[in-house]
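Asker: Got a sequence here, can you build the structure:
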Amino acid sequence: MKTTDGPDFASSTLPRHLARGAVGLGSLIGAFALLPLYGPLTLALAPVGLVALRGCPMCWAIGLAQTLSRGRLRRECTDGRCELKPASR
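Answerer: Prediction:
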């Protein structure tokens, strides 16, 4: 059951999320760093990076925070006021 109202950018595991980040950031950096050597063909790496990062580097960073906090924090809203509290195990 999903308890948050906003988008979910988290991965199922931390290693999976870090691997997505490595592929995504590596592809974006490679797309522009290799441009002088291989020409515009390297720009084909940019969409690969954006797909791996689910749209943008900030989305990946938000997903990293969500992945790290999953199962450790819960959101509790009462009387229009929401707080993050440790999850009861």
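Asker: Other residues contacting the helix ranked longest in the chain?
Answerer: Identified as the longest helix of the chain according to DSSP state H is helix 14-33. Counting by CB atoms under 8 Å, 6 or more residues apart in numbering, helix 14-33 makes contact with 10-11, 42-46, 48-54, 57, 60, 63-64, 67-68, all of which sit outside it. Placement of C-beta: from N, CA and C, glycine included.
Asker: Then stretch 50-67?
Answerer: 8-11, 13-14, 17-18, 20-21, 23-25, 27-28.
Asker: can you pull out the strands in the chain?
Answerer: All strands of the chain, identified by DSSP state E, fall at 73-78, 81-86.
Asker: which one of those strands has the most crowded surroundings?
Answerer: Across these, the average number of neighbours (mean count of other CB atoms under 10 Å) peaks for strand 73-78, which reaches a mean of 12.
Asker: What average pLDDT does that one get?
Answerer: Here strand 73-78 scores 80 as its mean pLDDT.
Asker: That one: partners in the sheet, and parallel or antiparallel?
Answerer: Applying DSSP bridges to the sheet, strand 73-78 is found paired with strand 81-86 (antiparallel).
Asker: how distant is the partner strand from the center of its chain?
Answerer: 22 Å (CA atoms, centre = their mean, to the nearest Å).
Asker: Poorly predicted segments of this structure, please.
Answerer: 1-7, 88-89 (pLDDT under 70).
Asker: if you set the cut-off to 80 instead, what comes out?
Answerer: 1-7, 70-75, 84-85, 87-89 (pLDDT under 80).
Asker: And the residue nearest the centre of it?
Answerer: W60 (2.1 Å; CA atoms, centre = their mean).
Asker: how about stretch 65-73: buried residues?
Answerer: Q66, T67 (16 or more other CB atoms under 10 Å).
Asker: for stretch 20-35, same thing?
Answerer: Buried residues in stretch 20-35, counting neighbours by 16+ other CB under 10 Å, are found at R20, G21, G24, S27, L28, G30, A31.
Asker: can those residues go into JSON lines with extra columns for distance to T78?
Answerer: Supplementary listing: these in JSON lines, determined by distance: CB to CB, whole Å:
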{"residue": "R20", "distance to T78": "35"}
{"residue": "G21", "distance to T78": "35"}
{"residue": "G24", "distance to T78": "38"}
{"residue": "S27", "distance to T78": "44"}
{"residue": "L28", "distance to T78": "42"}
{"residue": "G30", "distance to T78": "48"}
{"residue": "A31", "distance to T78": "47"}
